[in-house]
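Participant: Below are the sequence and a predicted model for it; my questions follow.
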Amino acid sequence: MTQLQSAERRIKWSYMDHWRSNGPAGPVDQWHTVKTMSAFLKQIKATGFDAIDTFDFRIWQMYGTYGGPAKYQEMVQDHGLERIVNTFHAADYDTRTYAPHLPETHENILEDFRVTMGRWSEIELDNIIVMPATLYYDMEPVTEDKLKHTADLWNKVGEITAGYGVRLTCHHEFFCGIQSEQDIDAFYSFTDPEYVSLFVDTAQHCIAGLDPVALYNRHAHRVSGFHFKDTRNVATGDDHRHRPDSEIMAPTTGKWFYEMGTSHGLVDFEAMMTAVRDNAYEGWISVEHDKANKEGGDYSESTAISRWYAANVLERIYS
Amino acid sequence: MSGITWAYAINQWKPQFDDFVRREQHERALKTMSIAGFRGVELTTGTGRWEPLGNPEQLVANFGSLAGFRSFLDDCAIDRVSSWFWNSQERSMEHLTGPLSPLQETDLPVMVERAGWYAEALAELGGSVLVVRPTPDAGDVPPLDDDAIGRLATCWQAVGRRTAEHGIRTALHVDFLSGLRRGDALDRLLDRTDPDLVGLAVDTGELAVAGIDPVGLIRTHAARVQHVQLKDALAVDVAEEYLQPHAHWTVRVQGGAQEVPRWFAEPGAEGGLVDATGVVRALVDIDYAGWVVVESDPSPHPAESALLAGYLVQRELDPIATGSAATAGA
């Protein structure tokens, strides 16, 4: 192997841990058993990833099966991976209790993060990633006041996470309340760069009709990470506000997300990597292809293809 | 430095004749092998338009030329074709010929010509070994007496001579249904062939199903080992069902009396019977220099099998091969 050692590289690759494999009773995720977790980690390592990202809600399985995040991370490291880099806080947004544009729910959200950060404090994370707004249809019409209330919340949350040495970063799903170029730009103008960062998901922005490269270049100083994933479709009509769900139930599109390196992908990853280089970004790029198993897809294969693309195309641009 | 170079066998991606025919599928399989750390790909011969990678004529039809296919491999970051597995007992639609038997003296000229066809192409694709099926299944022919062994030796000597003209070695692949599994037939055949022309392809999974220790075979026949296929075995043919007629269907495909759903898997699979690290240690001990082709043969989940095998090779087997096992860590 001629790859540079991890410590010498400006870019390292983490895998966002969506996964399905086939168990004897049907599809399972990697958390099903210790064996399925080991098989998952082996495959991530075999393709050359350096680390993994995970989800907040997995912490219960980390405690229940492995003895906590630190013990689980030891298992990750036993498989040759460096560590857990980021966690995604997948909240159950609800306008009654948990909605960033509604100030009356803020204390509940703040308390959630005080508790959450304590749970993760035994390991070192770079980012805790959030979708910064509710589902679009629960926030519309998106007004300046709602954006300011939302920004106010995340400034406070970012202060809490910073106290644990973890950056609060925002990931704008195409179906969330802050997904248009105008609203994203306004949101970052209302947030404090010290406490709120942007996490660029190439596919989500592309689906929302934005150029992810242009968005990144405009906010590069705020960017603390990436999800490199692809799509073959741009949202049309009410795709972004389809009730009850846009992500897997939009009538127009059965599968929004594809692995980087897929054929007919809309994201220009070479331009994206060139921008990463030109902005002198150093650190982790996360690769994601959630729902890869939809419509006959295979997580193992998608992971291999995406990492192949990173190794054989993107690392020649910047590594 | 290790004399071992790692390849992966394409056959696990094609469970049925109408599967795995499209270019994108080939591309994704080859990229999967590549990123898992395998440098070469072993092809399996096949015939007709739904076997795009099955023979030189189909490669040219699909890729414009052999060089075109080589370029396709380059684009997928696969260095070369390591080897081609050729079963002469399958018909050729390209040549309008039926099964060719190495026991039939009348088939010999066509066998030699066909081996030369594959070897010439294989050389252009960067390969080095034509892996051959040396005899029909044990249950379909009488026990291999000295006369039969003599005919086999004549055939494979001639084939080996022809492939050597292209710099390609001929290696006999003993599968678990092979007539060479019976008694000392393999030893007698090796004794009657020239080591410079005819070698042995050690398939660890096939041997394990046959109840033969592959590590022992490697050490016993060290000078003849010219190719290795590393796969695991999940069951043993304990009742010697390989002696039944038509065992290819009743035993290999249907699982025999044990109703074995899957005889083989990628090395290191749960319940596997092959000591993969022992195999590699034995290869190092005999100073083996050549391809080790990892297989699953077949797999219900080919990409998963390739990646799990890649992990095993990267983390355990290659460090043994390169002598860095003691210091190999995360």
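Facilitator: Arrived safely. Numbers count the residues shown, from 1 in each chain, chains lettered A, B, ... in the order given.

Participant: how far away is A:Pro27 from chain B?
Facilitator: In this view, A:Pro27 and chain B are 11 Å apart by Cβ to the nearest Cβ, to the nearest Å. To be clear about C-beta, it is placed using only N, CA and C from the backbone, and glycine gets the same treatment.

Participant: mind checking how far that residue is from A:Trp19?
Facilitator: 10 Å (Cβ to Cβ, to the nearest Å).

Participant: same check, this time on B:Gly179
Facilitator: Note on B:Gly179: its distance to A:Trp19, by Cβ to Cβ, is 45 Å.

Participant: re the thing from before, when A:Pro27 and A:Trp19 are compared, which one has more neighbours?
Facilitator: Taking other Cβ atoms under 10 Å in any protein chain shown, A:Pro27 and A:Trp19 do not tie; A:Trp19 has more neighbours (24 against 11).

Participant: I'd assumed A:Val28 was in contact with that one.
Facilitator: No. A:Trp19 is beyond contact range of A:Val28, at 9.1 Å (criterion: Cβ atoms under 8 Å).

Participant: Quick check: residues of chain A near chain B?
Facilitator: A:1, A:21-22, A:35, A:39, A:42-43, A:45-48, A:77-81, A:261, A:263, A:298, A:300-301, A:303-305, A:307-308, A:311-312 (Cβ under 8 Å from any Cβ of the partner chain).

Participant: For chain B, which residues score under the pLDDT cut-off?
Facilitator: Scanning chain B for pLDDT under 70 picks out the ranges B:1, B:326-330.

Participant: Give me the buried positions along the longest helix seen in chain B.
Facilitator: In chain B, assigned by DSSP state H, the helix with the most residues is helix B:146-164. Neighbour counts over helix B:146-164 (16 or more other Cβ atoms under 10 Å in any protein chain shown) mark B:148-149, B:151-153, B:155-163 as buried.

Participant: what about the strands in the chain?
Facilitator: You didn't say which chain, so I picked chain A. For chain A, applying DSSP state E gives strands covering A:11-16, A:21-23, A:26-28, A:51-55, A:84-89, A:127-130, A:167-170, A:197-201, A:223-228, A:230-231, A:257-258, A:283-287.

Participant: right idea, wrong chain: chain B
Facilitator: Going by DSSP E, chain B shows strands at B:4-9, B:40-44, B:80-86, B:129-132, B:169-173, B:198-203, B:225-230, B:232-233, B:264-265, B:290-294.

Participant: Export those strands as JSON lines, with columns for distance to A:Asp192 and mean neighbour count.
Facilitator: Converted to JSON lines, those look like this (distance: least, Cβ to Cβ, whole Å; neighbours: other Cβ atoms under 10 Å in any protein chain shown):
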{"stretch": "strand B:4-9", "distance to A:Asp192": "51", "mean neighbour count": "25"}
{"stretch": "strand B:40-44", "distance to A:Asp192": "53", "mean neighbour count": "24"}
{"stretch": "strand B:80-86", "distance to A:Asp192": "56", "mean neighbour count": "26"}
{"stretch": "strand B:129-132", "distance to A:Asp192": "64", "mean neighbour count": "27"}
{"stretch": "strand B:169-173", "distance to A:Asp192": "68", "mean neighbour count": "26"}
{"stretch": "strand B:198-203", "distance to A:Asp192": "64", "mean neighbour count": "27"}
{"stretch": "strand B:225-230", "distance to A:Asp192": "57", "mean neighbour count": "26"}
{"stretch": "strand B:232-233", "distance to A:Asp192": "56", "mean neighbour count": "28"}
{"stretch": "strand B:264-265", "distance to A:Asp192": "54", "mean neighbour count": "28"}
{"stretch": "strand B:290-294", "distance to A:Asp192": "53", "mean neighbour count": "28"}
